[in-house]
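> Coordinates only, no sequence provided:
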């Protein structure tokens with residue numbers, strides 16, 4: 001193994017890399033890798049070959065390294081102080097071993113099913129909470145746009161816009177009730193609103209900062225206040241009864257989802273955690289942690305929990321039994337929410353850009369190509 005040293009700063013965070021040979025191209029027996037900036041989020045990594053008969057070097061930005069790593073298959077990865085061992089399917093002599101010094105917990109290429117993103121829709125003033133209805137139409141809340149957009153996610157076509165005429169004002173998150181009614185939270189006004197299948201609107205005043213909203217499998221409605229308060233409520237879906245307080249001071253719950261195990265799952269924005277909530281007792285249990293600003297969680301049809309991190313742009317899959325998390329892909333920061341359609345296609349929203357992305361695994365892409373042939 002060739003172990004390199006930092007050519008610019010002996011105190012820089014350093015990774016040791018070994019035995020990397022690209023298919024069809026020999027670049028020597030070893031590569032030196034160092035962070036040119038000694039920080040937990042390095043901005044650039046420099047790869048230097050020790051080949052004697054050529055001055056070969058390749059410079060890749062941190063984002064490009066992340067993309068490269070997202071194509072990795074890691075059946076025998078080792079994490080923690082020992083680093084990560086990854087298997088790249090497009091590299092001959094395919095093992096690369098990275099050892100992190102100074103206890104940095106970065107993990108390049110931790111996913112075993114590579115993913116790519118495809119932009120399918122743009123909301124000019126930002127996109128927030130999302131849900132699919134029973135007909136697989138995607139409903140997207142736009143807080144800054146003061147509207148809820150209804151779209152065909154497969155074609156990227158906008159079908160309908162719900163605005164002030166339907167009582168939609170600063171919508172942050174939304175959900176569908178058992179009867180097909182659309183519910184949404186109005187962050188600035190503090191209202192929780194309902195649009196029935198017959199087109200009738202109703203509302204209940206809660207408090208400004210009302211944010212995530214979710215239904216249980218038996219039709220109970222849950223809403224939480226964040227940033228301007230810190231309370232989880234149960235509401236009467238018909239707004240006849242007073243709200244019931246379930247939990248206070250959790251740390252700002254955000255985009256929530258109901259699990260098939262009968263618990264409510266939510267990210268805790270201020271603590272970088274995902275918690276399981278017993279809505280009957282108000283007791284919580286940490287399921288996974290180590291996130292930066294977790295914004296929302298959703299389950300797919302196989303009861304696998306997924307999370308978007310607002311601050312990092314990372315999309316994670318979480319094992320709710322073990323707490324193990326797997327990085328699917330990293331996009332730009334300020335991801336807000338996510339939704340699965342009936343075919344388990346994953347879509348995510350970007351709060352600042354307003355983009356809606358479909359996250360496509362390599363397996364899904366290959367299957368789609370075969371179906372078209």
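Arrived safely, thanks for sending. Because the structure is predicted, anything quoted here is derived from the model rather than measured.

> How many residues are close by the closest residue to residue 145 other than its chain neighbours?
Excluding its sequence neighbours, the residue lying closest to residue 145 (Cβ to Cβ, 6 or more residues apart in numbering) is residue 125, at 3.6 Å. For glycine as for every other residue, the C-beta is placed from the backbone atoms N, C-alpha and C. Here the number of neighbours of residue 125 (other Cβ atoms under 10 Å) works out to 12.

> State the helix or strand in which residue 125 lies.
Using DSSP states H and E, residue 125 falls within no helix or strand.

> For it, report the pLDDT, please.
In this model, residue 125 is scored at 94, pLDDT.

> I'd like to check which residues are in contact with it.
By Cβ atoms under 8 Å, 6 or more residues apart in numbering, residue 125 lies in contact with 142, 144, 145, 354.

> which residues in the protein form helices?
Using DSSP state H, the helices of the chain run over residues 62-69, 362-372.

> Against residue 148, how distant is residue 289?
For residue 289, the distance to residue 148 (Cβ to Cβ, to the nearest Å) stands at 32 Å.

> Looking at the two, which has the bigger crowd around it?
Shown here are residue 289 and residue 148; by other Cβ under 10 Å, residue 148 has more neighbours (24 against 14).

> Next, count neighbours for residue 249.
Other residues lying near residue 249 total 8 when counted by other Cβ under 10 Å.

> re earlier: could you identify which of the helices of the chain has the lowest mean pLDDT?
Least confident of those, judged by mean pLDDT, is helix 62-69 with a mean of 30.

> mind giving me the domain ranges of the chain?
14-100, 115-369 (automatic domain parsing).

> Let me know which of the ones you listed is tucked in deepest.
Among these, domain 115-369 has the highest mean neighbour count (mean count of other Cβ atoms under 10 Å), at a mean of 19.

> what stretches of the stretch 1-150 of the chain score poorly on pLDDT?
Scanning the stretch 1-150 of the chain for pLDDT under 70 picks out 1-114.

> again, only using 50
1-112 (pLDDT under 50).

> on that earlier part again, which of the contacts of residue 125 fall in strands?
residue 142 (DSSP state E).

> ok, so of the contacts of residue 125, who is nearest residue 154?
residue 354 (19.1 Å; Cβ to Cβ).

> shouldn't that closest one be in contact with residue 143?
No. In this structure, residue 354 is not within contact of residue 143 by Cβ atoms under 8 Å, at 11.0 Å.

> Mutual contacts of these two, please.
The contact lists of residue 354 and residue 143 share residue 126, where a contact means Cβ under 8 Å, 6+ apart.

> Contacts only, for the nearest residue to residue 172 once chain neighbours are set aside.
In space, and not counting its chain neighbours, residue 172 is closest to residue 187: 4.2 Å by Cβ to Cβ, 6+ apart. Applying Cβ under 8 Å, 6+ apart, we find residue 187 in contact with 143, 170, 171, 172, 208, 209, 210, 211.

> likewise residue 145?
Here residue 145 is in contact with 123, 124, 125, 126 (Cβ under 8 Å, 6+ apart).

> Just flag the most distant two among those.
It's 124 and 126 that sit farthest apart of the contacts of residue 145, by Cβ to Cβ, at 8.1 Å.

> For these two, list the residues in contact with both.
Contacts common to residue 124 and residue 126, judged by Cβ under 8 Å, 6+ apart, are 145, 354.

> what ranges do the strands span in the stretch 51-200 of the chain?
57-61, 72-73, 84-88, 91-92, 95-100, 115-122, 130-132, 138-142, 147-152, 157-162, 171-176, 182-186, 191-195 (DSSP state E, counting those that start in this stretch).

> what's the spacing between the closest residue to residue 246 other than its chain neighbours and residue 279?
Nearest residue to residue 246, sequence neighbours excluded (Cβ to Cβ, 6+ apart): residue 232, at 4.6 Å. From residue 232 across to residue 279, the span is 8 Å (Cβ to Cβ).

> Now do the shared contacts for those two.
With Cβ under 8 Å, 6+ apart, residue 232 and residue 279 have common neighbours 222, 246.

> on that earlier part again, now the contacts of residue 125 as a markdown table including distance to residue 319?
As requested, these are exported to a markdown table (distance: Cβ to Cβ, whole Å):
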| residue | distance to residue 319 |
| --- | --- |
| 142 | 32 |
| 144 | 35 |
| 145 | 36 |
| 354 | 32 |
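
> Name the nearest residue to residue 197, sequence neighbours excluded.
residue 180 (4.7 Å).

> looking at it, that neighbour is touching residue 131, isn't it?
No. With contact defined as Cβ under 8 Å, residue 180 does not count as touching residue 131 (11.8 Å).

> which residues are common contacts for these two?
Common contact partners of residue 180 and residue 131 (Cβ under 8 Å, 6+ apart): none.

> Need phi/psi at the residue nearest to residue 145.
phi -110, psi 20 (degrees, to the nearest 10).

> With that, I have no additional questions.
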